[in-house]
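Participant: fold the following.
(4 chains)
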Number of protein chains: 2
Amino acid sequence: MQHHDLKIGDLSRETGTKVVTIRYYEKIGLLPVPGRSAGNYRTYGSRALDRLRFIRRCRALGFSLDQVRELLDLSSEDARPCHEVDEITAAHLAEVEGKIADLQALARELRRISSRCNGGGTIANCRILDAIAPG
Amino acid sequence: MQHHDLKIGDLSRETGTKVVTIRYYEKIGLLPVPGRSAGNYRTYGSRALDRLRFIRRCRALGFSLDQVRELLDLSSEDARPCHEVDEITAAHLAEVEGKIADLQALARELRRISSRCNGGGTIANCRILDAIAPG
DNA sequence: GCTTGACCCTATAGCGGCTATAGACCGTAC
DNA sequence: GTACGGTCTATAGCCGCTATAGGGTCAAGC
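Facilitator: Now for the predicted structure:
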């Protein structure tokens, strides 16, 4: 029975995923419904562990759960072209790069605003608020 | 009555905020409860418009609604030191810079992974999946 | 055998910041 | 009077979890 000797807490420790999150992944169909022990505990094998590790790695890379699902689906179809995986990755990279650009513009603006701080002044003549406010 | 001649749709158009969002801001206390017309329509004046513009500008700068609330509270207390406003701005800037760093690390990793794409190959020997997968 | 405590179970509600939908009412133009 | 757009309330949904309540299970120590 070496393939069904893991409890949910074991998966949790092994992958750094909270127990509730693992059950959530099961609920939304990312993880297969596991077997149950006599006492109704979920029992997992090494395949489930690998799958969960894959999911967590994808999440750490910023993929959405839907993208993870796509990657998981693809990974089980040996004959599909690798290209499809790269498309998902490239789309995600483009998204990340877009976010970086947005945040950099934001940071520039915030630095500009912050530089107007009126040292020991009061709100009454706060130029930060002026900079934010319209008009 | 020139101070109560705006309807919710006018505020929406003026600020680019969806009508439902304006009502949501009212519900969570960011916008004051407005007066009502004979036909039970919300009526706004220019102060409400300014306040909404301020909120939207803060949101565009990435402040959370709680931070916006703080800034709004501060802005109404003329005697408080300007410094307090700058603290909120600086904290937010630090947060944004942290996110940028995280996303840049992510982008590097995604580029590395994507560069391993196996051109015309199949999933069976997809090195992107290998790169993501554990082990 | 009984208690303690760590673990597990289900089910539900909440977070932020909206967005969408349903079903009704208002106001103006034709 | 009727068509159409705007507005109203109320409720549920989105993502990716997280928290809480109220139980059951299991191994160890007394």
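
Participant: grab the most central residue of chain A for me.
Facilitator: The centroid of chain A falls nearest to A:Arg59 when counting by Cα atoms, centre = their mean (3.3 Å).

Participant: so it lies in a helix, does it not?
Facilitator: Yes: if the criterion is DSSP: H, G, I helix; E, B strand; the rest coil, then A:Arg59 is within a helix.

Participant: for chain A, which residues are neighbours of DNA strand D?
Facilitator: A:18, A:20-21, A:24, A:37-41, A:59, A:64-66 (Cβ under 7 Å from any atom of the strand). (Each C-beta comes from the backbone N, C-alpha and C, glycine too.)

Participant: just the buried ones among these, please.
Facilitator: Buried by 16 or more other Cβ atoms under 10 Å in any protein chain shown: A:Thr21, out of those.

Participant: let's see which of the residues of chain A next to DNA strand D end up in helices.
Facilitator: A:20-21, A:24, A:59, A:65-66 (DSSP state H).

Participant: domain map for chain A?
Facilitator: A:1-61, A:81-135 (automatic domain parsing).

Participant: if we can go back for a sec, surely the residue nearest to the centre of chain A touches A:Arg69?
Facilitator: No: with contact defined as Cβ atoms under 8 Å, A:Arg59 does not reach A:Arg69; the gap is 11.8 Å.

Participant: for A:Asp102, helix, strand, or coil?
Facilitator: What three-state DSSP gives for A:Asp102 is helix.

Participant: okay, strands next: where are they in chain A?
Facilitator: A:35-36, A:42-43 (DSSP state E).

Participant: and the last one, what does it pack against?
Facilitator: Under the contact criterion of 3 or more Cβ pairs under 8 Å, 6 or more residues apart in numbering or on different chains; DSSP states H and E, the helices and strands touching strand A:42-43 comprise strand A:35-36.

Participant: and the strand it packs on, how far out from the chain's middle?
Facilitator: 27 Å (Cα atoms, centre = their mean, to the nearest Å).

Participant: that'll do, ta.
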